[in-house]
Structures are given as structure tokens and as C-alpha cells.
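Colleague: I'd like to go over a predicted model; first the sequence, then the structure.
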Amino acid sequence: MKRFVIEREIPAVGLKTRQELQEVAETSNAALAKLAPRVQWAHSYLARDKTFCVYLAEDEAAIRDHARLSGFPASKITEIATVIDPTTARG
């Protein structure tokens with residue numbers, strides 16, 4: 001599986017209530033269930049009008065299928081080549 005960051009432009013998404021976010025996650029999970037095992041949602045970061053979602057997927061087409069089924073736009077899809085963090089400095 002490849003790792004992707006999906007940028008979604010969704011007005012006021014970062015202002016949603018806990019209940020609204022639960023509904024968003026339920027919608028996403030229902031779409032994921034239909035596409036399993038081709039795509040998995042790791043987590044998302046919410047800004048005011050955007051989400052940045054980290055997914056594992058076979059390919060970009062699986063991400064686009066999820067966007068179509070869930071109704072959440074995939075404004076930009078970027079495949080992640082490498083992950084580094086502070087521990088990378090230790091060699």
C-alpha cells in the first residue's frame with residue numbers, strides 16, 4: 001500500500017461540532033467498507049476550510065473512488081515518498 005495526503009476543500013469543516021464530525025467519519029467509513037481492502041483512512045487534520053487526510057491505498061484511483069462514494073472532494077492527492085521525524089536524526 002502507498003501512503004497519500006489528500007487535501008479536501010470543505011467550507012467551515014474546522015468549525016463542525018463533535019456530532020457533525022462523527023457523522024462525517026461515519027460517511028467516510030461506509031465508503032471505505034465498500035472499497036476494502038483497496039484504501040484505508042489513517043487520520044485527518046482539520047483547518048478552517050480544509051482537511052488534510054492521510055490514507056493508505058493501492059493507488060490514486062482508490063482515493064478517487066472513495067471521494068466519489070463519500071461525497072468528500074479530493075482537491076489534491078499527493079503520494080508520500082518518505083516519512084521523516086525527529087528520530088531520523090539518530091540515524
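Modeller: Looks like it came in fine. Residues are numbered from 1 along each chain as shown.

Colleague: Once you drop chain neighbours, what's closest to S28?
Modeller: S70 (5.3 Å; CB to CB, 6 or more residues apart in numbering). Quick note: C-beta positions are derived from backbone N, CA and C, even for glycine.

Colleague: Correction: the previous question concerned P11.
Modeller: Per CB to CB, 6+ apart, closest to P11 is D49, 5.4 Å.

Colleague: what element comes up after the host helix or strand of E7 heading to the C-terminus?
Modeller: Assessed by DSSP states H and E, E7 sits inside strand 2-9. Downstream of strand 2-9, the next assigned helix or strand under DSSP H and E is helix 18-35.

Colleague: Does anything pack onto that following helix? Which helices or strands?
Modeller: Helix 18-35 makes packing contacts with strand 39-46, helix 60-70 when contacts are defined by 3 or more CB pairs under 8 Å, 6 or more residues apart in numbering; DSSP states H and E.

Colleague: Note down every partner strand of the next helix or strand after the shortest one and its orientation.
Modeller: In other words, strand 39-46. Sequence-wise, the next helix or strand downstream of strand 39-46 (DSSP H and E) is strand 50-57. Strand 50-57 has its sheet partners listed here by DSSP bridges as strand 2-9 (antiparallel), strand 39-46 (antiparallel).

Colleague: Compute the inter-axis angle for strand 50-57 and helix 60-70.
Modeller: Counting by axes from the mean of the first three to the mean of the last three CA atoms, to 10 degrees, strand 50-57 lies at 120 degrees to helix 60-70.

Colleague: Would you mind pulling the contact partners of strand 50-57?
Modeller: 1-10, 13-14, 38-45, 63, 66, 72, 75 (CB atoms under 8 Å, 6 or more residues apart in numbering).
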